[in-house]
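Participant: Predicted model follows, preceded by the sequence.
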Amino acid sequence: MTGEEAVVTTTTYCDATVISLHGEVDENDAPFLARALAQAAAGGPPRTVVDLSGTPFVDSSVLHALLDAQRAHAAAGALLVLAGPLHTAVRRLFEVTGAAPAFRMADSVATAMTC
């Protein structure tokens, strides 16, 4: 890990909310991500894109927040898409845990906006 400070940003467009992660996101930052995801599921546009391309590391608390968000989006009739490209450590977390099939994934934010 590089110790790069984590930043979670949200941008809302007419048909999608994009939540971008930058830096190493762990249990200290996961509540900010969870809050942004919950707000998007509760009343945002019908599509939420989580841009993971800017984070070289996420831990299991981030995965937990994403899984909770996937359930909330499905219950709200909204779509949650994870966008990359994913750094090796992030991709590995999804592979090792077997969580990848639970998500719709795209190679880029642009692709995630239309898939």
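Facilitator: Structure's in. What do you need?
Participant: tell me the phi and psi of Thr9?
Facilitator: Note on Thr9: backbone dihedrals following degrees, to the nearest 10 are phi -120, psi 150.
Participant: Find me the pLDDT at the closest residue to it other than its chain neighbours, would you?
Facilitator: Closest residue to Thr9 apart from its sequence neighbours, by C-beta to C-beta, 6 or more residues apart in numbering: Ser20 at 4.9 Å. Heads up, the C-betas are built off the backbone N, CA and C, glycines and all. You'll see Ser20 listed with a pLDDT of 98.
Participant: Now name the helix or strand holding Ser20.
Facilitator: strand 17-22 (DSSP states H and E).
Participant: ok, which stretches of the protein are strands?
Facilitator: For the chain, the strands defined by DSSP state E cover 7-12, 17-22, 47-54, 79-83, 104-106.
Participant: Quick one: closest of these to Arg92.
Facilitator: Nearest to Arg92 among the strands of the chain is strand 47-54; the distance by C-beta to C-beta comes to 12.6 Å.
Participant: any residues touching the closest one, and which ones?
Facilitator: Outside strand 47-54, the residues that touch it by C-beta atoms under 8 Å, 6 or more residues apart in numbering are 15-23, 37, 40-41, 58, 66, 69, 73, 78-87, 90, 106, 108-109, 112-113.
Participant: Type out the PyMOL command that picks the buried ones from the residues you listed.
Facilitator: The buried residues among the contacts of strand 47-54 can be selected in PyMOL (16 or more other C-beta atoms under 10 Å) with this line:
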select buried, resi 16+17+18+19+20+21+22+23+37+40+41+58+66+69+73+78+79+80+81+82+83+84+86+90+106+109+112+113
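Participant: quick revisit: distance of the residue nearest to Thr9 from Gly77?
Facilitator: 24 Å (C-beta to C-beta, to the nearest Å).
Participant: Kindly report the same for Thr10.
Facilitator: 20 Å.
Participant: Mind checking which of those two has more residues around it?
Facilitator: Using other C-beta atoms under 10 Å as the criterion, Thr10 and Gly77 rank with Thr10 on top: 17 against 8.
Participant: beta partners for that one?
Facilitator: Beta-bridge pairing for Thr10 (DSSP bridges): Ile19.
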